[in-house]
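Student: model this:
(one chain, ligands or ions: 1)
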Amino acid sequence: MGRLDDRIALVTGAGNGIGAAVAHCFASEGAFVYVTDVDGDAAERTAASIREAGGQATAQAVDVSRGQDVSAMFRTVEQGHGRLDVLVNNAGLNVRGDFRHMSDADWVRIREVNLDGVVRVARDGFELLRRSGRGSLINLSSIMASRGLRQLAGYSATKGAVSALTRTLAVEYAPFNIRVNALAPGFIETALTARVLRNPAINKALLDRTPLRRFGSPDEVARAALFFASDDSAFITGAELAVDGGMAAAL
Ligand SMILES: NC(=O)c1ccc[n+]([C@@H]2O[C@H](COP(=O)([O-])OP(=O)(O)OC[C@H]3O[C@@H](n4cnc5c(N)ncnc54)[C@H](O)[C@@H]3O)[C@@H](O)[C@H]2O)c1
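Tutor: Okay, the predicted model is just below:
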């Protein structure tokens, strides 16, 4: 028996990193997983490896910053299963740089994916989640929603908004028994953080601020997503779970 047997799940940005780990984790617990990513080949690779492992998954190229892509994504689910039990707003990116030099184009790019994409998916996915009768919407926020680090202002601003949106949607979607929660990872080893973590000085500074003295793995974030996806968290909505080795708790 899997903890997500008979559940239908969709993960955005599931071609790599945390999203791919979440897709694998959900499928290994019995869910059928819609794997979507702006990089269609990466999405297909994730779905193929899930199927090779005996799970159920299908892939689709979806850019969450494009309204027509998101509409097509939910049409696919509508035609395939007519409902969604778990929806994970994972797609995200970062453009680092000093705030005072940030171009309009960079800001718009971060916002279009990290915030507008999350808003669009959370809004347009409502009807499919409602039909589940026990829907779970999971948003990827970040420790950066509540902490400051230089060169991450644009990213932090979008993640702060994702955290605020999560709380409001938890209230608004509750009458439909749709739970809405957020994950706030610290530093997880993926392509998103690879460059920063390769810098020895930054690497050490971050480890010094992490009580568990290591970075996290995508699978460790996926385990927390599984908690929010499953009935283990049936009475939890509007929560934000830090998956950060204690970083947010430390001084
Ligand atoms: N890695 C970390 O330390 C960390 C920490 C906190 C929060 N997060 C959040 O977790 C999520 C996943 O991050 P990750 O580390 O796995 O990143 P990643 O770069 O490894 O993977 C992100 C995936 O999203 C896809 N993507 C990018 N833009 C997209 C778009 N417009 N539409 C659809 N897909 C798109 C990419 O193709 C990629 O497959 C992000 O929201 C990120 O902000 C990550």
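Student: could you measure Gly2 against the ligand, distance?
Tutor: Separation of Gly2 from the ligand (CB to the nearest ligand atom, to the nearest Å): 23 Å. All C-beta spots, glycine's among them, are computed from the backbone N, C-alpha and C.
Student: How many residues are close by that residue?
Tutor: By other CB atoms under 10 Å, the residues close to Gly2 number 15.
Student: just Thr158 next, same as before
Tutor: 26.
Student: Check Leu212 too.
Tutor: 12.
Student: My read is that it contacts Ala242, right?
Tutor: No: using CB atoms under 8 Å, Leu212 is not in contact with Ala242; the gap is 11.7 Å.
Student: so who does the closest residue to Ala91 other than its chain neighbours touch?
Tutor: Leaving aside its sequence neighbours, Ala91 sits nearest to Gly13 (CB to CB, 6 or more residues apart in numbering; 3.0 Å). Residues near Gly13 by CB atoms under 8 Å, 6 or more residues apart in numbering: 19, 36-38, 64, 90-92.
Student: So which of these wins on neighbours?
Tutor: Ranking the contacts of Gly13 using other CB under 10 Å puts Thr36 first, with 33 neighbours.
Student: ok so it is a helix residue?
Tutor: No: counting by DSSP: H, G, I helix; E, B strand; the rest coil, Thr36 is located in no helix; its state is strand.
Student: In TSV: the contacts of Gly13, plus distance to Glu29.
Tutor: Compiled in TSV, these are given as follows (distance: CB to CB, whole Å):
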residue	distance to Glu29
Gly19	16
Thr36	19
Asp37	21
Val38	26
Val64	24
Asn90	17
Ala91	22
Gly92	23
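Student: and which of those residues is nearest Gly54?
Tutor: Gly19 (20.2 Å; CB to CB).
Student: Point me to the helix or strand that includes the closest one.
Tutor: helix 17-28 (DSSP states H and E).
Student: who are the neighbours of that helix, in terms of helices and strands?
Tutor: In terms of contacts (3 or more CB pairs under 8 Å, 6 or more residues apart in numbering; DSSP states H and E), helix 17-28 is packed against strand 8-11, strand 32-37, helix 40-52, strand 56-61, strand 86-89, helix 218-229.
Student: In the next helix or strand after the fourth one, which residues are buried?
Tutor: Moving toward the C-terminus from strand 56-61, the next helix or strand (DSSP H and E) is helix 67-80. If you call a residue buried by 16 or more other CB atoms under 10 Å, then helix 67-80 has these buried ones: 69-70, 73-74, 76-77.
Student: Please give the number of neighbouring residues around Glu240.
Tutor: Other residues close to Glu240 by other CB under 10 Å number 17.
Student: Tell me, how many residues neighbour His101?
Tutor: When neighbours are counted by other CB under 10 Å, His101 comes out with 8.
Student: Could you do the one 10 residues further on as well?
Tutor: Here the number of neighbours of Arg111 (other CB under 10 Å) works out to 16.
Student: what's the answer for Ala191, then?
Tutor: Count around Ala191 with other CB under 10 Å applied: 9.
Student: try Gly55
Tutor: By the criterion of other CB under 10 Å, Gly55 has 21 neighbours.
Student: Let me see the contact set for the closest residue to it other than its chain neighbours.
Tutor: Excluding the flanking residues, the one nearest Gly55 by CB to CB, 6+ apart is Ala27, at 3.2 Å. The contact partners of Ala27, taken as CB under 8 Å, 6+ apart, are 33, 50, 53, 55-57.
Student: So which of the residues you listed is the closest to Ile138?
Tutor: Ile138 lies nearest to Val33 out of the contacts of Ala27, by CB to CB, at 13.2 Å.
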